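[1] Sequence and predicted structure below; questions after.
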Amino acid sequence: MTVAKVIVDVPTMQTDRPFDYAIPQALEARIQPGMRVWVQFGQGKREVSGMVVALADHADFEGELKPIIAALDYAPVMNEETLALSHWLAKTTYAFWITCIQTMLPAMLKVDTIKSVTLGSQPTAEAEALLAGQDQLVLDSHTPAEVSAQVMRLIDQDALTLRYARKDRAKVKTEQVVVPLKTAAEYATLREGVRANATKQLQLITALRTWVNAGSQPVLAEAVKRGEVDRTAVHAAAKKGWLRLDTREVYRAPYDDLDHGERTQPLTLTADQSKVVSTVDAAVRQKTPKTFLLEGVTGSGKTEVYLQVIAEALKEGRNAMMLVPEIALTPQMVHRVKGRFGREVAVMHSGLSEGEKFDEWRRIQRGEAQVVVGARSAAFAPLTNIGVFIIDEEHETSYKQDDAPRYHARDVVLHRAQTFGAPVILGSATPSLESRARAEKGVYTLLRLPSRINRQPLPQVHIVDMREAYKQGGKDDFSKALLDALQLRLDRHEQSVLLLNKRGFSSFVMCRECGYRVQCPNCDISLTLHMDTHTLRCHYCGHEEAIPTVCPSCGSRKIRYYGTGTEKVEASLHQLLPQARVLRMDVDTTRRKGGHEKILAAFGAHEADILLGTQMIAKGLDFPDVTLVGVINADTGLGMPDFRASERTFDLLTQVSGRAGRAEKPGEVFIQTFNPDHYAIQYAQAQNYEGFFRQEMAIRHRGDYPPYYFTTKVTVSHQQEEAAAKLIYQLAKQLTDSLSPSAVLLGPTPGPIARLKNRYIYQLVIKYKREPRLDQTLTKILDDTQVGTRNGYFVGIDKEPLTFI
Ligand SMILES: Nc1ncnc2c1ncn2[C@@H]1O[C@H](COP(=O)(O)OP(=O)(O)OP(=O)(O)O)[C@@H](O)[C@H]1O
Ligand SMILES: [Zn+2]
Ligand SMILES: [Zn+2]
């Protein structure tokens, strides 16, 4: 007997292991590891989806095995390598195996379970009334709690029966093509029998003859759109047997125009670039899974290096994967990669629709794409035979996922690189301290691009002391120096980029009379003001409400708007420089699909003089006419109680400064700050990464922080504050008892936001150098607390968290 080992879609600690299922005769030859199946699970008749992770010739389970009800796939959606990867991911991130599998697959492959009730064996009047003449009542998250309770009671009485059905989200896109069934001569004869005033029929026959002669089978919708044929006439002709309509599967191709556009040629490399490329190429050819840290200043031509290394892998008959942070995955970047490799490139990022993502994934899965470019989750793309991995802007925090599985894309890539015997390039102008320290120890190989292409100097950076600036005629967030520099660019018809560092504060509404700030009802945090929709929104749970006109606390009408938002700065710019054309880029202006693209295209086409934006404008942009970069508020991040605050500030300032003067014209940068003497700002002014690295390492060493120590954060949440607090103290004791004396426990403390989505949060952080027993202890903690069951506890374990607050 063949037995299937199935991971079921029931994310709890007790079910986080494969369960044995019998493969019924009808499915005997079909079921393979990596296929999704539909099975019955646990008591009752609950039906769930699951993933076959292995086949075996005998069961580990003693009793009678339940059979697999149905296979959900015709071919496996995971292969041996990705299945093993999912298991590794679950182990290393303390997440459920099923959660990892679902994270790795496109959303369209998630199976929704539809729960409903029908009349049971002992129907009652109450049950019949509830169904109100319908065959079934569907239960979902919108079902009111009272109804759920009533349904449960009626199920217990056998008055109702619970039923399960599955709904696959996957939708394959199809199109209809016209297949002419007759010869050109036959169509000519047909034409003679058609009345002269039947113009649509005559037109159709003419078209059919053209297609027969050209041997083409056009897409119906397109032919109709071009006005070549009439849809009704086509359907009528199909009935008469003049033609056939075939349904064909098609991909939603988000970058169709680029796929068929002209290809760019490799550039002649500079000596520095050449050295880097040949070093990595050698590793590609020898299949050595070495990690290279490419430290290259902004505008040093890292992207061209990536492209040529990818080309080498392809030449060797291997595939390539390149990760880019979400916000740097701009149309510019896609253009550069697609421009070189065309349709061989699959692109994966959150800006695509679910259908587009699914289709790009299928192209990779079927071996039709050789290069994958994507954001964090593209690290899981089912690409095979990978010859090189690239992570651009490797210091970016967006490579780490905040929710379970709390993985870092860099770790996923390094793991897969071992499997494939492929080198990895980690590239950045400002590498993370962790990576740079590893290069120092020789774990990674350091490669450098110390100068800009064509020996252009890095832009000149001015620090503007805002404490002084307001005394000297600065107004509305702008110093006179920055305003003058902007004016000069307007006069010269050059472009400017303005960064508003939003980290740390945002716009809010406050009562001038009593100081009341509108709070989220579900979370302990102030609501953020959004002028575009005239609402207040919670950035954590999504709660939205109208701006009050009267203070809910004291009844006063003196409600005022506070904080510097991009909208407010945009308004000041219009006042201060009325002739400037400003484009604003932030979450609000890019929310709609393609919004990002449109703004950048407009800026590239010189439809604006100033591009004003948040962090999302700091990375990867390469516009030759940008000669000025202004940072409106450099230090909002410095005040954060986070030991990485300086590193983040240095990275951001260096990256954004790098947007200026990338072509022939020299660039200039103005950084407005209240902390002009802070070392992060000083080193950013000098664009001296190595200097910053040394000083920051010394500080981390003194404070026993990463990269000298490892860290793990444990978070507990519960709807009752007391329950959460009690558990975290209990865990703290358990950890202290099991860890060595050299490990340090920070906390327990309430979470930085003490209540989120109506759950109270407590956390602790473990700092340690070597703790062989930590893994075991953490696993035991998860086992003991029975996460995911009805007791209401959530326990989150985050290895190397990027946020401590
Ligand atoms: N060998 C070369 N010859 C000529 N131009 C080049 C060469 N390599 C790169 N360039 C050009 O130099 C500019 C900067 O290169 P690129 O954008 O790759 O730098 P980068 O290091 O990725 O920058 P950043 O980290 O700031 O995003 C681009 O316009 C690119 O086309
Ligand atoms: Zn008030
Ligand atoms: Zn909220």
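    Arrived safely. The structure presented is a predicted model; accordingly, all values stated were derived computationally and were not measured. Numbering: from 1, shown residues only. Ligands and ions are numbered 1, 2, ... in the order given.

[2] C-alpha only now, for contacts and for neighbours.
    Will do.

[3] Compute the distance between residue 643 and ligand 2, please.
    36 Å (CA to the ion, to the nearest Å).

[4] Apologies, that question was intended for residue 280.
    From residue 280 to ligand 2 the distance is 63 Å (CA to the ion).

[5] So that residue versus ligand 1, what's the distance?
    16 Å (CA to the nearest ligand atom, to the nearest Å).

[6] which SSE is that residue in?
    Using DSSP states H and E, residue 280 maps to helix 271-286.

[7] Toward the C-terminus, what is the element adjacent to that helix?
    strand 291-296.

[8] residues in contact with that following strand?
    When contacts are defined by CA atoms under 8 Å, 6 or more residues apart in numbering, strand 291-296 is touched by residues 280, 302, 414, 423-431, 435-436, 439, 443-451.

[9] again, but for stretch 238-246
    176-182, 237.

[10] Quick one: those as TSV, columns for secondary structure and pLDDT too.
    Putting these into TSV (DSSP: H, G, I helix; E, B strand; the rest coil; pLDDT from 0 to 100) gives the following:
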residue	secondary structure	pLDDT
176	strand	87
177	strand	88
178	strand	90
179	strand	90
180	strand	90
181	coil	90
182	coil	89
237	helix	88
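
[11] what about burial for those, which qualify?
    Buried members of those, counted by 16 or more other CA atoms under 10 Å: 176-180, 182, 237.

[12] Now the two most distant members of these.
    176 and 182 (18.4 Å; CA to CA).

[13] Please work out the average pLDDT along the strand or helix carrying residue 320.
    Assigned by DSSP H and E, residue 320 belongs to strand 319-323. On average, the pLDDT along strand 319-323 is 97.

[14] now what about the helix or strand that it is followed by, what contacts it?
    Once strand 319-323 ends, the next helix or strand along the chain (criterion: DSSP H and E) is helix 331-341. If you take CA under 8 Å, 6+ apart as the criterion, helix 331-341 is touched by 258-259, 261-266, 307, 344-345, 347, 373, 597, 620-622.

[15] could you pull out the strands for the stretch 701-805 of the chain?
    Using DSSP state E, counting those that start in this stretch, the strands assigned to the stretch 701-805 of the chain run over residues 710-718, 744-756, 759-768, 794-799.

[16] contacting residues for the closest residue in space to residue 297 that isn't next to it in sequence?
    The shortest distance from residue 297 to any non-neighbouring residue, by CA to CA, 6 or more residues apart in numbering, is to residue 429 (4.6 Å). Residues in contact with residue 429 (CA under 8 Å, 6+ apart) are 295-298, 393, 655, 689.

[17] what's the spacing between residue 429 and ligand 2?
    Taking CA to the ion, one finds residue 429 at 48 Å from ligand 2.

[18] Report all helices and strands that the helix or strand of the chain with the lowest mean pLDDT contacts.
    Counting by mean pLDDT, DSSP states H and E, the chain has its least confident helix or strand at helix 256-259, which shows a mean of 71. Here helix 256-259 touches helix 331-341, going by 3 or more CA pairs under 8 Å, 6 or more residues apart in numbering; DSSP states H and E.

[19] So is the helix it packs on next to ligand 1?
    No: judged by CA under 6 Å from any ligand atom, helix 331-341 and ligand 1 are separated, with a smallest distance of 8.7 Å.
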